[in-house]
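1. coords below, sequence missing:
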């Protein structure tokens, strides 16, 4: 028993050290590369030592408080570390290195802290009795039925150059013109949930024929749309299927590889691309841009909540005071570009609509959602799907994440097909 506890303790501290390494590398990355290469976006080097000290104290506290979460659920703990990676670290770096207002940092800390309640929330999840063949049949039927209207609309109007990540924007523009109404929902359901789930499902059950079928479907959806989400979601689900046997090893391997890549990116950009290509595509786009946009939303809506005036349902009762979508309005004010759209994630969305009360409400909803996911007791191979959902919440409003983000279809499929928990 003592050797087992020692092994568990080693896992806990190894993950902590890896996350600390990620934090340190990102600080150096921001100070030496992001704040210079992307200063035109609004990143500035303005280190405040008091704020820097505060972020470190809070970071250590969040790590210490997570020990009980680690003991109770490795799945929830792995999600918690991703929240620190995506939500805490970039906002903490901007708070201390750019000397910005405390609102976004405090709200993200609160969002992550609320997640610590997740292992204490239990859902009674029913088990749907069905054979493996029946589940396979249902999953294939759902995938193909939703695909039919997409094929009927876009047919074989494909651009093979898109496979090489060339002519992406031309393909995307042509696709957007025809992606209207219910077709938009079907496409996002397929891309973000149903096809990735089906791919992992048949990888788990060793069905190469169906694996090939869903890879072909994903390639088709990519070449007609130029949507990089298809590209990266596919890579994520396959990557996390192979890199570890359990949640601890998956998240440990992810952080290890991330540290190595973040160290190599500046060297590759300097000697190969001669520009900050990798740093801009991955480090800045996926981590620091969402943090900067969060700051913009907090600054704009400080004392002026929006009350869901842009949400599909609530705008039937409340009118937007702006003549353009708020994302375009934000970039016009803070960036001077009326053509770009500023995405807002779950934290800034909560503040935009209900102020700090919205941050509280959306934090609780997020924690309840992942407590439900934990109750499904799903196979660890689906971790890549959850990873993509974390990023969706980072860069999309709450209601959008549930609907076009594909989370509602995922919940339904988890209840009926993927759920492994039985009730006696």
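-> Here it is on my side, so go on. These figures come from a predicted structure and were not determined experimentally. Numbering: from 1, shown residues only.

2. ok, the closest residue in space to residue 337 that isn't next to it in sequence - contacts?
-> Nearest non-adjacent residue to residue 337, counting by CB to CB, 6 or more residues apart in numbering: residue 331, 5.2 Å away. Glycine gets a C-beta too; all of them are placed from N, C-alpha and C. By CB atoms under 8 Å, 6 or more residues apart in numbering, the residues touching residue 331 are 337-338, 340-342.

3. 7 Å - rerun?
-> 337, 340-342 (CB atoms under 7 Å, 6 or more residues apart in numbering).

4. residue 417 too?
-> By CB under 7 Å, 6+ apart, the residues touching residue 417 are 135, 138-139.

5. rerun at 10 Å
-> Residue 417 sits next to 128, 130, 134-136, 138-139, 142, 197-198, 201 when contact means CB atoms under 10 Å, 6 or more residues apart in numbering.

6. from those residues, pick the one nearest residue 270.
-> For those, the residue nearest residue 270 by CB to CB is residue 197; the value is 39.7 Å.

7. in this structure, where is pLDDT below threshold?
-> For the chain, the stretches flagged by pLDDT under 70 are 1-8, 127, 159-161, 163-167, 420-424.

8. now do 80
-> Within the chain, the segments meeting pLDDT under 80 span 1-9, 125-130, 156-175, 178, 226-229, 231, 311-316, 338, 419-424.

9. so which residue is dead centre in it?
-> residue 391 (1.0 Å; CA atoms, centre = their mean).

10. contact partners for that one?
-> Neighbouring residues of residue 391 by CB under 10 Å, 6+ apart: 82, 86, 229, 232-233, 236, 286, 290, 345, 405.

11. how close does it get to residue 375?
-> Note on residue 391: its distance to residue 375, by CB to CB, to the nearest Å, is 23 Å.

12. please apply the same query to residue 20.
-> For residue 20, the distance to residue 375 - CB to CB - is 31 Å.

13. so which bits of whichever helix in the chain runs longest are buried?
-> Longest helix in the chain, counting residues (DSSP state H): helix 346-376. Of the residues in helix 346-376, 346-355, 358-360, 362-363, 366-367, 369-376 count as buried by neighbour count, 16 or more other CB atoms under 10 Å.

14. same question for stretch 257-266.
-> So, applying 16+ other CB under 10 Å, buried residues of stretch 257-266: 258-259, 262, 265-266.

15. now what about it, what contacts it?
-> Outside stretch 257-266, the residues that reach it (CB under 10 Å, 6+ apart) are 18-19, 21-22, 24-26, 28-29, 32-33, 37, 85, 239, 243, 268, 273, 276-283, 287.

16. now, of these, which are buried?
-> Taking 16+ other CB under 10 Å as the criterion, what is buried in the contacts of stretch 257-266 is 18-19, 21-22, 25-26, 29, 33, 37, 85, 239, 243, 276, 278-280, 283, 287.

17. in helices, which of those residues fall?
-> Reading helices off the buried ones among the contacts of stretch 257-266 with DSSP H, I get 18-19, 21-22, 25-26, 29, 37, 239, 278.

18. take the residues you listed and write them to a markdown table, including distance to residue 254.
-> Listed next are those as a markdown table, based on distance: CB to CB, whole Å:
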| residue | distance to residue 254 |
| --- | --- |
| 18 | 9 |
| 19 | 11 |
| 21 | 12 |
| 22 | 10 |
| 25 | 14 |
| 26 | 15 |
| 29 | 17 |
| 37 | 25 |
| 239 | 8 |
| 278 | 17 |
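
19. in these, find the pair that's most separated.
-> 37 and 239 (27.0 Å).

20. show me the contacts for residue 81.
-> Going by CB under 10 Å, 6+ apart, the list of residues near residue 81 reads 15-16, 18-19, 22, 63, 66, 69-70, 88, 247, 251-252, 254-255.

21. compare the residues you listed and tell me which is most surrounded.
-> The most neighbours of any of the contacts of residue 81, using other CB atoms under 10 Å, belong to residue 251, which has 27 neighbours.

22. tell me which of the contacts of residue 331 is nearest to residue 180?
-> residue 341 (17.9 Å).

23. next up, phi/psi of the closest one, please.
-> phi -120, psi 130 (degrees, to the nearest 10).

24. do the same with residue 99
-> phi 60, psi 50.

25. what do you get for residue 396?
-> Taking degrees, to the nearest 10, you get phi -140, psi 150 for the backbone angles of residue 396.

26. spatially, what comes nearest to it if we skip its sequence neighbours?
-> residue 405 (5.9 Å).

27. wait, the one you found sits on residue 393?
-> Yes - the criterion here is CB atoms under 10 Å, and residue 405 meets it with residue 393 at 7.8 Å.

28. anything in contact with each of these two?
-> Counting by CB under 10 Å, 6+ apart, nothing touches both residue 405 and residue 393.

29. follow-up on the earlier one: in three-state terms, label the residue nearest to residue 396 for me.
-> Under DSSP: H, G, I helix; E, B strand; the rest coil, residue 405 falls in the coil class.

30. now do the contacts for it.
-> Residue 405 touches 188-189, 192-193, 388-389, 391-393, 395-399, counting by CB under 10 Å, 6+ apart.

31. nearest to residue 76, of these?
-> residue 389 (13.7 Å).

32. distance of that closest one from residue 196?
-> 10 Å.

33. ok, back up a step: from the buried residues of stretch 257-266, which ones fall inside strands?
-> Among these, no member is found in strands (DSSP state E).

34. rewinding a little: can you list the contacts of residue 405 in TSV and add secondary structure and distance to residue 93?
-> Below are the contacts of residue 405 laid out as TSV (DSSP: H, G, I helix; E, B strand; the rest coil; distance: CB to CB, whole Å):
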residue	secondary structure	distance to residue 93
188	helix	31
189	helix	35
192	helix	28
193	helix	32
388	helix	23
389	helix	24
391	helix	18
392	helix	22
393	helix	20
395	helix	18
396	coil	22
397	coil	24
398	helix	25
399	helix	29
